[in-house]
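S.K.: My questions concern the predicted model and sequence given below.
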Amino acid sequence: KFDLTGQINGVPFDRLFLNASGVHCQSTTELDELLQDEFVGGAVTKSATLEKRAGNPAPRYYELANGSINSMGLPNNGFDYYIQYVLQFHAKPTILSVAGLSADDDIQLLNQIQDSDYQGLTELNLSCPNVIGKPQMAYDFEGTQALLQSVFSFFKKPLGVKLPPYFDLVHFDQITAILNQFPLTHVNSINSIGNGLWVDVASESVVIKPKGGFGGLGGKMVLPTALANVRALRQRLNDSIKVIGTGGVQTGADVFAHILCGAELVSIGTQLQAEGIGVYHRLTNELERIMADKGYTALADFRGKLNTI
Ligand SMILES: O=C1NC(=O)NC(C(=O)O)N1
């Protein structure tokens, strides 16, 4: 009765919900569970690196009262594992997420995809904050420009990017001036707010082991930053580049807000980790209740229509 659809590069999603890359997507079992859920529209893989990685030492994920902090360090089963998976038939769309540990790695990963039979969506993660000793590419504007210039000299398949949060309007202007030069299918925003720190007063200690306790923030506390980034990117990007809204979603109202800011699809990370896959049924019910109360039958009725005062 409600149209909760979206589309990226002509790929139809019959539901708006995805997982945030990294959550519930490291194994094929987890990915299958997502793709078999009636309330999920598609699945994003854990960002694949060229080789399998164990990631950072545990504890590396910690749930907070108002969100999460993580320094996973890109643990994943390696590129071959995930390209094999997305090459299989799936009833719903997949997004193959890749993350090089260097620009050269990114080029190698995308060359392998270009040379493969995969015709689905790919997302280049430019924003992992937790690889020890490695900066986030998307905070290096010149580096990002140069990388995308190289990528699009050979990569002819659908490609989106995963961005970190920005905190200055000038930075929104700068990153979108770069992204608008390229035929990107989408921007996925936000990745975790990098290098937060949580202190447990009882033990007088940090709560995760890697990087002296520094890690990416997610969940409820990042919602205002996620909404700002989705809105700012939507206002500045070419219409052909969709925005996937990620960050801070706990309720149907949060989903509604992301759509108002212009999100085409909405990813769930911290809340999926905390609540399990049932979160999608709950969020669907809550979203539909809000839509019904407002007389909306489709996301398109209000997508991007945030009022200002
Ligand atoms: O891009 C990422 N964002 C995160 O918050 N954590 C993971 C990771 O550490 O693997 N990667």
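M.R.: Yep, that arrived.

S.K.: ok, and for the strand or helix carrying residue 175, which residues are buried?
M.R.: According to DSSP states H and E, residue 175 maps onto helix 169-179. By neighbour count with 16 or more other C-beta atoms under 10 Å, helix 169-179 contains the buried residues 172, 175-176, 178-179. For every residue, glycine as well, the C-beta is placed using N, CA and C.

S.K.: out of these, who's nearest the ligand?
M.R.: residue 175 (16.4 Å; C-beta to the nearest ligand atom).

S.K.: Any residues of the stretch 51-200 of the chain in contact with the ligand? List them.
M.R.: 70-74, 125, 127-128, 130, 191-192 (C-beta under 6 Å from any ligand atom).

S.K.: what's the most distant pair in those residues?
M.R.: The most widely separated members of these, counting by C-beta to C-beta, are 71 and 125 (15.3 Å).

S.K.: could you dump the residues of the stretch 51-200 of the chain next to the ligand to TSV with neighbour count and pLDDT?
M.R.: Shown next, in TSV, are these (neighbours: other C-beta atoms under 10 Å; pLDDT from 0 to 100):
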residue	neighbour count	pLDDT
70	26	98
71	29	97
72	24	97
73	20	97
74	21	97
125	27	98
127	23	95
128	26	89
130	24	84
191	29	98
192	30	98
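
S.K.: Secondary structure added to those residues, as CSV?
M.R.: Conversion of those to CSV gives the following (DSSP: H, G, I helix; E, B strand; the rest coil):
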residue, secondary structure
70, strand
71, coil
72, coil
73, coil
74, coil
125, strand
127, coil
128, coil
130, coil
191, coil
192, coil
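
S.K.: Can you verify residue 12 is assigned to a strand?
M.R.: Yes: Residue 12 sits within a strand when classified using three-state DSSP.

S.K.: Relative to the ligand, how far out is the closest residue to it other than its chain neighbours?
M.R.: Excluding its sequence neighbours, the residue lying closest to residue 12 (C-beta to C-beta, 6 or more residues apart in numbering) is residue 5, at 6.5 Å. Applying C-beta to the nearest ligand atom, to the nearest Å, the value for residue 5 to the ligand is 27 Å.

S.K.: And stretch 257-275, end to end?
M.R.: 21 Å (C-alpha to C-alpha, to the nearest Å).

S.K.: Ok, stretch 67-80 next?
M.R.: Start-to-end, stretch 67-80 (C-alpha to C-alpha) is 32 Å.

S.K.: which residues in the stretch 151-300 of the chain form helices?
M.R.: Secondary structure of the stretch 151-300 of the chain, counting by DSSP state H, counting those that start in this stretch: helices at 169-179, 223-236, 252-260, 270-275, 279-294.

S.K.: Is it possible to get JSON lines of those helices that adds mean pLDDT and distance to residue 59?
M.R.: Output for those, formatted as JSON lines (pLDDT from 0 to 100; distance: least, C-beta to C-beta, whole Å):
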{"stretch": "helix 169-179", "mean pLDDT": "98", "distance to residue 59": "32"}
{"stretch": "helix 223-236", "mean pLDDT": "99", "distance to residue 59": "25"}
{"stretch": "helix 252-260", "mean pLDDT": "99", "distance to residue 59": "27"}
{"stretch": "helix 270-275", "mean pLDDT": "98", "distance to residue 59": "14"}
{"stretch": "helix 279-294", "mean pLDDT": "98", "distance to residue 59": "23"}
